[in-house]
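J.: Need coordinates for the following:
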Amino acid sequence: MTNLSTESDQAQNGKRAGWPEAFVRRISRGEYPQYAYDRLPIGGSSESILRLDHTQPIGNDPASYKMTDFELTPEALGVIDEWFAWLVMGTVNPDGVLEMLASDLAALPD
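T.: Presented below is the predicted three-dimensional model:
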């Protein structure tokens with residue numbers, strides 16, 4: 001997961017440029033299988049980009065992860081599973097949830 005910092009955020013705090021806003025809009029519309037946009041219910045940045053192409057196993061060492069009280073609903077996990085399958089296989093299930101979401105995501109205003 002990558003915390004989201006856009007160019008306008010960076011301009012306000014004087015640090016180097018972040019993610020281009022137009023690119024973030026395309027990511028939020030689900031145009032790329034390797035990126036998933038989310039708003040996580042944990043502290044820090046309110047917006048995040050998940051890099052599914054950087055997924056790595058963490059093993060069972062307690063020092064390699066932090067448990068929280070949050071979990072995905074079965075429906076949300078299904079969307080992530082379909083998104084990951086899109087990345088790995090290069091196709092979207094025509095009867096899946098991700099295909100149904102595609103038109104809604106594409107219709108988001110700028």
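J.: for the protein, what spans make up the strands?
T.: With strands called from DSSP state E, the chain shows them at 2-3, 35-38, 48-51.
J.: closest to Trp86 out of those strands?
T.: strand 35-38 (9.9 Å; C-beta to C-beta). Backbone N, C-alpha and C define where each C-beta goes, glycine included.
J.: coming back round to it: got TSV for the strands of the chain, with mean neighbour count, mean pLDDT and distance to Leu98 too?
T.: TSV is the format used below for the strands of the chain (neighbours: other C-beta atoms under 10 Å; pLDDT from 0 to 100; distance: least, C-beta to C-beta, whole Å):
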stretch	mean neighbour count	mean pLDDT	distance to Leu98
strand 2-3	13	50	21
strand 35-38	18	90	10
strand 48-51	18	88	14
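J.: Quick check: Tyr32 touching Arg26?
T.: Yes - at 7.1 Å, Tyr32 and Arg26 qualify as touching, with contact defined as C-beta atoms under 8 Å.
J.: Could you point out which of the strands of the chain sits nearest Gly96?
T.: strand 35-38 (14.7 Å).
J.: neighbouring strands for the closest one, and are they parallel or not?
T.: Neighbouring strands of strand 35-38 in its sheet, by DSSP bridges, are strand 48-51 (antiparallel).
J.: now the strand it pairs with, how far from the chain's geometric center?
T.: Relative to its chain's centre, strand 48-51 lies at 4 Å (C-alpha atoms, centre = their mean, to the nearest Å).
J.: Tell me how far Leu51 lies from Ile80.
T.: Quick fix: residue 51 is Arg, not Leu. When distance is defined by C-beta to C-beta, to the nearest Å, Arg51 is 13 Å away from Ile80.
J.: show me the contacts for the residue nearest the centre of the chain.
T.: Among the residues of the chain, the one closest to the centroid is Ala36, at 2.5 Å (C-alpha atoms, centre = their mean). Ala36 makes contacts with Ile27, Gly30, Ile49, Leu50, Leu52, Ile80, Trp83, as judged by C-beta atoms under 8 Å, 6 or more residues apart in numbering.
J.: Buried among these? Make that a ChimeraX selection.
T.: Only the buried entries of those go into this ChimeraX selection, using 16 or more other C-beta atoms under 10 Å:
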select :27,30,49,50,52,83
